[in-house]
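Asks: Here is a sequence with its predicted model. Questions after.
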Amino acid sequence: MISLPSVVLSGLNMVSDELEKIFMGIDMPEALKNAVRHYLTNRGKLVRPMLALLTTYSLSGNIINAIRPAVAVELVHIASLLQDDIMDGHAVRRGSNTPFHMFGLENTMLASDLIIAKSIEYAIISDKKIVFELINASIKLSIGQSYEMEYKYMKKATLNDYMKTVSYKTSSLIEAALVVGGYSANADRDTIAKLRKLGNLMGIAYQVRDDIVDYLGLDANNPEEAGAGLNIITILGGKTEEALSILNKYLDESIELVKDIFKANNSEMLQLISFLRLEDKVGK
């Protein structure tokens, strides 16, 4: 996706290794074990752990201090995927059947509970500030899921409704990833505040990009994703160009804030933001 420093890549490998061994050796029914371990082994791009580690690195912190916080953030994300599969009835995610489809509602709910418990454990053995950060992010995420249900099923959503929902549901964990990375580097209060703002901007951009990809069917691995939940293009009446304009606005604002926080125009974070551009994929 982007060119990462070797120390960050090494940190991501450590996160992957830690995720791989979670719950191994714990006696539980086979269906529950498989539901718990599905997204731990069928991992995505580890965007949130990468952001945590990259933030620590970019602020001259010790990557080792960010490993457990990065694992904790990813565990909250995985728990949210399990819940999202239930709420939207997903049969396929990341090119394979979901735990909800394979093991049922009950096992998927229990798997989410177990993973949340583990995220708390990893946060507690990291730092008290990280515990509170993840609690706050989890609260926002749950509220965002509720807003999405309300706007999807009870009334026609406006663009403002969409932005509020995304700020809670998607931005919350992007913010948390950047902030725990900042805490792991002993960043000052002003930097933490800027990281939180950056996380909000990047989270909105990330979700808008996903919506465009889903609406236009650009991800062959997730054919059932299109139409699930709120989609900004649907809210905009099918105006793809307007959605692209909104995406680029949030990416441009993110770039300016990255330059302010990290004091470097060639930061790897800028590469990530540039990667989120979509013009080449939609023929613009």
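Replies: Great, that's in hand.
Asks: quick one, what contacts the nearest residue to residue 46 once chain neighbours are set aside?
Replies: Distances taken as C-beta to C-beta, 6 or more residues apart in numbering place residue 12 nearest to residue 46, at 5.9 Å, with adjacent residues excluded. Yep, even glycine has a C-beta here, placed from its N, CA and C like the rest. The contact partners of residue 12, taken as C-beta atoms under 8 Å, 6 or more residues apart in numbering, are 4, 46, 49-50, 53.
Asks: Before we move on, what's the pLDDT of residue 12?
Replies: Residue 12 is assigned a predicted lDDT (pLDDT) of 96.
Asks: my guess is it is in a strand, correct?
Replies: No - looking at residue 12 with DSSP: H, G, I helix; E, B strand; the rest coil, it is helix, so not inside a strand.
Asks: Please report the distance of it from residue 38.
Replies: When distance is defined by C-beta to C-beta, to the nearest Å, residue 12 is 20 Å away from residue 38.
Asks: just to revisit the earlier point, adding distance to residue 276 as columns, could you present the contacts of residue 12 in TSV?
Replies: As requested, the contacts of residue 12 are exported to TSV (distance: C-beta to C-beta, whole Å):
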residue	distance to residue 276
4	16
46	16
49	18
50	13
53	18
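Asks: wait, doesn't residue 267 sit right on residue 258?
Replies: Yes - in this structure, residue 267 is within contact of residue 258 by C-beta atoms under 8 Å, at 5.9 Å.
Asks: Okay, helices next: where are they in the stretch 51-200 of the chain?
Replies: Assigned helices in the stretch 51-200 of the chain, in chain order: 64-88, 99-124, 128-153, 159-169, 171-184, 189-216 (criterion: DSSP state H, counting those that start in this stretch).
Asks: Most tightly packed of these?
Replies: helix 171-184 (a mean of 28; mean count of other C-beta atoms under 10 Å).
Asks: what's it packed up against?
Replies: Secondary-structure packing of helix 171-184 (3 or more C-beta pairs under 8 Å, 6 or more residues apart in numbering; DSSP states H and E): helix 47-58, helix 64-88, helix 128-153, helix 189-216.
Asks: what angle sits between it and helix 47-58?
Replies: Here the directions of helix 171-184 and helix 47-58 differ by 30 degrees (axes from the mean of the first three to the mean of the last three C-alpha atoms, to 10 degrees).
Asks: tell me the mean pLDDT for helix 171-184?
Replies: For helix 171-184, mean pLDDT rounds to 97.
Asks: relative orientation of it and helix 189-216 in degrees?
Replies: Using the same axes, to 10 degrees: helix 171-184 against helix 189-216 is 150 degrees.
Asks: hey, C-alpha coordinates of helix 171-184 in CSV?
Replies: Extracted C-alpha coordinates of helix 171-184, given in CSV (Å, rounded to 0.1, in the frame of the first residue of the first chain):
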residue,chain,number,x,y,z
SER,A,171,-13.5,8.1,12.6
SER,A,172,-13.6,6.9,16.3
LEU,A,173,-11.1,4.1,15.8
ILE,A,174,-8.9,6.0,13.3
GLU,A,175,-8.7,8.8,15.9
ALA,A,176,-7.9,6.2,18.6
ALA,A,177,-5.2,4.6,16.5
LEU,A,178,-3.4,7.9,16.0
VAL,A,179,-3.9,9.1,19.6
VAL,A,180,-2.6,5.8,21.2
GLY,A,181,0.4,6.1,18.8
GLY,A,182,0.9,9.6,20.2
TYR,A,183,0.6,8.5,23.8
SER,A,184,3.1,5.7,23.0
